[in-house]
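1. Generate coordinates for the sequence data below:
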Amino acid sequence: MVFGIIFKKCSKMMKRCFLQFLIFYFILVPGYQGSAQNVNGFNKIVLDAGHGGYDKGAIGKDSQEKDLTLALTLKTGKLIKDSMPAVDVIYTRTSDKFVELHKRAAIANENAADLFISIHCNSNLSPKPFGTETFVMGLHKSAENLEVAKTENAAILMEENYTNQYDGFDPNLDEDYITLNMFQSAHIEQSLELSRIVQNKMMKVAGMHDLGVKQAGFVVLYLTTMPGILIEIGFISNPAEEKFLLNTQNQDKIASAIFEAVKDYQATIEKPVLSIIEPTVVIDEKQEVTSETEYRIGFASFKKLQPVNFSGFSEMPDVRYFYINKRYLYTCGIANTFENAVELYITLSKAGRIGEKYRKNAEIIELKDNEVISRVNAIQYLKKNNRFVKK
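-> As a prediction, this is how the structure comes out:
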């Protein structure tokens, strides 16, 4: 309370100095640890549908961010309620209305939530970028991360008396992020862990392109007092991805991905976390392995982005795409060795899960950190080694 009174009376420069003092005070004072995550799981989760009302958010050709985020948030919440009845789901909005950023955070704080998830759509001046990324509160490490934070934080400019409400913070000024970003979340490890699980599920369950886990200064995350993340589910500035996001079946997959991430995250905190979860790769839907290098079956290449649920891909497991040499390379399945990938190709071909249209030109793709290392034509390799596929 005393800190708040002093803070409101300070000039903008003095406020920054005082913020820095608080940072070092809380870091250095013995015994300060912030609020601890419940090691027995969590009971309350706040789902935040980005934007709303007269704050439309990003605008696509056929969609508005505020509508997509609300639809996905409600779908995600229903899945959590239906499958995790012990968890109380709280929404920052359930209709098309404007909610100030500080009120969104207040809803989470006042309800003593254990987890905060804010759902947004990405946008870019170029129609080319695509994919999903998840942010946690922290130091932005690139200009791109800063621009994403600026875009989302700009919502405060639509609020009345925002200058006083956010103590003079201007979302358009780079220098205002210096102090803001010094407040790295006290729950950074839990937030990063959840983010990694989300990205993994978005790839496996929803077939989204992985842009990774990132840090930046988001006001709504800065104001919350529990582990929190902000998910940019995809680019509505990319015509193909916007079409993908508008499809209700794809929305169900994205909601399922977020729900499964929440469920898996809960499992990790039901006992003390000893280490950060490493991502897993999947040979097919059932068998799991871990490996830095992975192999996938490349079956098609297009100039234009195709939805991963395209009818011709329906029988293929874990369809993902990579942008290489100005083309979209579509792949399916995952294996940890080249030989396992060959066997996977044979199995999928015999089962008719890779159609004739794609089977003949299919390749064994070697990837490391989502970068293509090598490509080998599958049929040519089998013929060279006197191995044949009979359906």
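
2. Can you point out the buried residues in the helix ranked longest in the chain?
-> Looking across the chain with DSSP state H, the single longest helix is helix 248-269. The neighbour-count check on helix 248-269 (16 or more other CB atoms under 10 Å) flags 250-266, 268-269 as buried. Just so you know, the C-beta spots here come from the backbone N, C-alpha and C atoms, and that holds for glycine as well.

3. which SS state does R296 fall under?
-> Using DSSP: H, G, I helix; E, B strand; the rest coil, the structure places R296 in strand.

4. any idea how far D55 is from it?
-> With the distance defined as CB to CB, to the nearest Å, R296 ends up 40 Å from D55.

5. more crowded one of the two?
-> Taking neighbours as other CB atoms under 10 Å, R296 and D55 compare with R296 leading, 25 against 21.

6. Please name the bridge partners of the nearest residue to the more buried one once chain neighbours are set aside.
-> Nearest non-adjacent residue to R296, counting by CB to CB, 6 or more residues apart in numbering: T331, 3.9 Å away. In this entry, T331 is beta-bridged to G298, R320, by DSSP bridges.

7. that older thread, which strands and helices lie in contact with the longest helix of the chain?
-> With contacts taken as 3 or more CB pairs under 8 Å, 6 or more residues apart in numbering; DSSP states H and E, helix 248-269 sits against helix 65-83, strand 115-122, helix 188-204, helix 239-246.

8. All the helices of the stretch 101-250 of the chain, residue numbers only.
-> 101-110, 143-153, 162-165, 176-182, 188-204, 219-222, 239-246, 248-269 (DSSP state H, counting those that start in this stretch).

9. right, so of the ones you listed, which gets closest to R320?
-> Proximity to R320 (CB to CB) singles out helix 188-204 among the helices of the stretch 101-250 of the chain, at 6.1 Å.

10. what number of residues lie near the residue nearest to L305 when sequence neighbours are not counted?
-> Excluding the flanking residues, the one nearest L305 by CB to CB, 6+ apart is A240, at 3.4 Å. Using other CB under 10 Å, A240 is surrounded by 16 other residues.

11. what sits against A240?
-> For A240, the contact set (CB atoms under 8 Å, 6 or more residues apart in numbering) comprises 130, 304-307.

12. now these in CSV, with secondary structure and neighbour count?
-> Listed next are the contacts of A240 as CSV, based on DSSP: H, G, I helix; E, B strand; the rest coil; neighbours: other CB atoms under 10 Å:
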residue, secondary structure, neighbour count
F130, coil, 23
K304, coil, 8
L305, coil, 19
Q306, coil, 17
P307, coil, 18
